[in-house]
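Visitor: pasting the structure only:
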């Protein structure tokens, strides 16, 4: 990664440059894997956490909230550590009150908010994939802002009102399954805890 300065790395991630992403993985994944293996994880945990770290950084870059005050590698490994400690906390094998507060990245409120957004998105995707094929296709068309009349034709429904009824039923099924997931409740508590500790208004 020596051939890239931080700004080039940021621009390459924003553009989803595969060459740079592979180089980041080659240069930094071994250290992330080593850390997670030493701290109650396995290689699959390491792969998931590293990917989530890259997604979170990508989200911050795309939203123009990414601030690099150290080397990119240092920042990436701090995010990996943050995500793994959150995962251990979720598994009740670690408690956040023992988190070292002298790491500015680990106490970054924006990072915590982005983490919650990322976890919510993963939760929505997981539950969406658990729907039947009809609901998945119907909601995909709806999320892509396909006109109702077009959805009716594509789904071979009898009329637009039936399409709206089916769409509402599928949305309700998705929302109910998410709300009933214990992870959703954990994320609500996480949001409340952060809002309580550091008000955003």
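Guide: Perfect, thanks for sending it. No experiment lies behind these values; they were computed from the predicted model shown.
Visitor: distance of the residue nearest the centre of the chain from residue 58?
Guide: Nearest to the geometric centre of the chain sits residue 118, at 2.3 Å (Cα atoms, centre = their mean). According to Cβ to Cβ, to the nearest Å, residue 118 and residue 58 sit 10 Å apart. From N, CA and C alone the C-beta is placed, and that goes for glycine too.
Visitor: where does the spatially most distant residue from the centre of the chain land in three-state SS?
Guide: In the chain, counting by Cα atoms, centre = their mean, residue 158 sits farthest out from the average C-alpha position, at 38.2 Å. State at residue 158, reduced to three classes by DSSP: H, G, I helix; E, B strand; the rest coil: coil.
Visitor: got it, and the one 10 residues further on?
Guide: Taking three-state DSSP as the rule, one finds residue 168 in the helix state.
Visitor: tell me the pLDDT of it.
Guide: We have a pLDDT of 93 for residue 168.
Visitor: residue 165 now?
Guide: On pLDDT, residue 165 comes in at 95.
Visitor: what about it, which helix or strand?
Guide: helix 160-179 (DSSP states H and E).
Visitor: so which elements touch that helix?
Guide: Counting contacts by 3 or more Cβ pairs under 8 Å, 6 or more residues apart in numbering; DSSP states H and E, helix 160-179 is packed against helix 109-129, helix 133-143, helix 148-155.
Visitor: check what contacts it and list those residues.
Guide: 123-124, 127-128, 130-131, 134-135, 138-139, 142, 148-149, 151-152, 155, 157, 184 (Cβ atoms under 8 Å, 6 or more residues apart in numbering).
Visitor: save the helices and strands packed on helix 160-179 as a markdown table, and put in mean pLDDT and distance to residue 76 too.
Guide: Shown next, in a markdown table, are these (pLDDT from 0 to 100; distance: least, Cβ to Cβ, whole Å):
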| stretch | mean pLDDT | distance to residue 76 |
| --- | --- | --- |
| helix 109-129 | 79 | 12 |
| helix 133-143 | 92 | 31 |
| helix 148-155 | 94 | 42 |
